[in-house]
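*Asks:* For reference, the sequence and a predicted model appear below.
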Amino acid sequence: MHQFSQSPLNFKFPLVVETSGAIWLKRALILWAVLWIAVSVKFVLQPENKSVYPCFADSSINWWADRSLYDNEIQKTGFRYSPTFALAFTPFAILPATFGGMLWSALNIALLVYALRLLVKEIFPGDWSKFQEACFLILTLAGSARAIWSAQSNSLVFALAVFAVVSLKKERWWAAAFILAAAVHIKLWPAALALLLMARFPRQLTGRFAAACALLFIPPFFTRPLPVVMQQYQDWYALLTGPYRTLRQAGLRDAYTLAEHFGTYVDDRVYTLMQLGMAGLALLWCLRLAKIATSTEAYFTGVLTTWVCWQLMVGPGTERLTFLLAAPIASWALIVSLKEHCHPLLASLAWLTLIPLGTGGVERLLLPIAVWSPAILPAGIIPLMAWQIIYFESRAEPGLENLEIKSGNLSVQDSSWAA
C-alpha cells in the first residue's frame, strides 16, 4: 500500500498532478488559438458579416477625411467612441478588411488571455493549480467567444481593467491612471471602476487619472485642423448627452429589461436615479471590502466583481455582448465555490444563467414559449453579486473591521480615504 502511494501512476503524486495540469493548461491555450483561427477564417470569407470591425475601420477613415464620426448618415453602424480611439485604430483601418480584422482579433484575444492569466497569478486570492487555471481559461472562453466573434472591444476593455488593477497592486500609480484613461477613451463606463478605485486611493490616483484623461484628449489635435477636431468632440458630446442616451435598442440587457418583462414601465428619470443609487451601494460595498478583505488580492477581486455587476445590471449601454465581462468573474466564482465549498449551487446558477443560458441562441429558442427569456442575462447578475457578498463576508476574520490591507508590495498611505 505504501509503495502504491509513492508510485508515479498514482494521480495524487505531485509530479503527476503538475504534469497533468500543465497538459490541460496547454489544451486551454490551444482552444483560444483555435478561436482566433476560426475568427480569422470568418474574416477571410465574410469580413463584414456580424462584426463591428467595419464600424471601427470606417471611423478611422472618416477621421482622416474630416467627415463626422457621429453622423448617422455617414456612420450607419453608429460609432460612439472617442476621437482618440478612431485615431488609434488607424493601423488596422489602413489594411484590407480581412487582414485588419485578423490583427484586431489577435490583439483582443492575446490581451484578454494575458489578462486572465494575470488574474490567476496576481489578483485572485488563494493558490491556483495549473489545472484550475486551465479550467478558468476554458470556462471564460465559453462566455467570451460570441463577443470576440463579432470583433467587439469589450475584451480589450476588460483586459485594460485588469492591467490597471495589477498596476495599482504594484503601486505603479501613473501606469494605472493611463491604462484606466485609455479604457475610458474606448468606452466611457470604465470610469465607474476608476471612481471605485479612487475612493480607495484618492491621493495616489485622482489627480493622475484626471491628467491622463486630459492628455489622451490631445493626440487628435495634432492630426487634423483645430476647427475639425473641435467639431468632432462637440458631436461626440452631443451624442452622449442627446436623445440617444436614453434610446432603448433591441439588444440591450439590464435591469430595465427585467422591469419590462416582470414589472412595469420605468421612467427614464427614475431609472437614472436607480443607476445612481446602485452606484452608491457599489461604492459602500467596496469601502467595506477595504475593511474586511483578508488580502489585497481579495479586495481587488471584489472591486472588479462589483464593477462588472454594476455595469451589467444598471450601467449605460449594456448589450448582450457586453456580458463578456461576466465570463471571467462568473468562472472564478464557480471554481472557488467548488474548491472552497462555498455555496456552489449559487455560483453554478450564476454561471449557467450568464453563459450557456444567456446566449442569443438559447434566448431565441425560448422566446416563443417564454417571452421573458431576454431577462435571463441580467437576472444572472443577482446570484453572482449575492455569492460575492456571502463569500467575502464569510471569510472576514473577527477584528478586521479596522485592519488595513497589507499584502505584496501595496501599502496604504492614506488613512482618510473612507471619510
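*Replies:* Noted; the coordinates are in hand. Residues are numbered from 1 along each chain as shown.
*Asks:* Could you use CA atoms for every contact and neighbour count after this?
*Replies:* Will do.
*Asks:* Report the contact partners of residue 271.
*Replies:* Contacts here follow CA atoms under 8 Å, 6 or more residues apart in numbering; on that basis residue 271 touches residue 256.
*Asks:* Please renumber the chain so that the first residue is 643 from this point on.
*Replies:* Will do, 643 is the new start, and the previous item becomes residue 913.
*Asks:* Distance check, it against residue 1027.
*Replies:* Distance of residue 913 to residue 1027, computed by CA to CA, to the nearest Å: 20 Å.
*Asks:* try residue 799
*Replies:* Residue 799 is 21 Å from residue 1027, by CA to CA.
*Asks:* cool, residue 969 as well?
*Replies:* Taken as CA to CA, the span from residue 969 to residue 1027 is 13 Å.
*Asks:* Please enumerate the helices of the stretch 693-842 of the chain.
*Replies:* 695-706, 725-730, 732-735, 739-760, 772-791, 796-811, 815-828, 833-842 (DSSP state H, counting those that start in this stretch).
*Asks:* can you put those in JSON lines and add mean pLDDT?
*Replies:* Shown next, in JSON lines, are the helices of the stretch 693-842 of the chain (pLDDT from 0 to 100):
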{"stretch": "helix 695-706", "mean pLDDT": "93"}
{"stretch": "helix 725-730", "mean pLDDT": "96"}
{"stretch": "helix 732-735", "mean pLDDT": "95"}
{"stretch": "helix 739-760", "mean pLDDT": "96"}
{"stretch": "helix 772-791", "mean pLDDT": "94"}
{"stretch": "helix 796-811", "mean pLDDT": "96"}
{"stretch": "helix 815-828", "mean pLDDT": "96"}
{"stretch": "helix 833-842", "mean pLDDT": "96"}
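*Asks:* Which among those helices is found nearest to residue 853?
*Replies:* Residue 853 lies closest to helix 815-828 among the helices of the stretch 693-842 of the chain, at 8.4 Å (CA to CA).
*Asks:* low-scoring stretches of the stretch 893-1042 of the chain, by residue?
*Replies:* 1039-1042 (pLDDT under 70).
*Asks:* all helices for it, in order.
*Replies:* In the stretch 893-1042 of the chain, the segments counted as helices under DSSP H, counting those that start in this stretch are 897-904, 910-934, 938-956, 968-981, 986-996, 1002-1008, 1018-1036.
*Asks:* Among these, which comes closest to residue 823?
*Replies:* helix 938-956 (15.9 Å).
*Asks:* got a list of what the closest residue to residue 724 other than its chain neighbours touches?
*Replies:* Spatially, and ignoring its direct neighbours in sequence, residue 724 is nearest to residue 827 (5.6 Å; CA to CA, 6 or more residues apart in numbering). Residues in contact with residue 827 (CA under 8 Å, 6+ apart) are 723, 724, 726, 727, 855, 858.
*Asks:* Quick check: of those, which lies closest to residue 1013?
*Replies:* Nearest to residue 1013 among the contacts of residue 827, with distances taken as CA to CA, is residue 723, at 32.6 Å.
*Asks:* Give the phi and psi angles for the closest one, as a check.
*Replies:* Backbone dihedrals for residue 723, given as degrees, to the nearest 10, come out at phi -100, psi 180.
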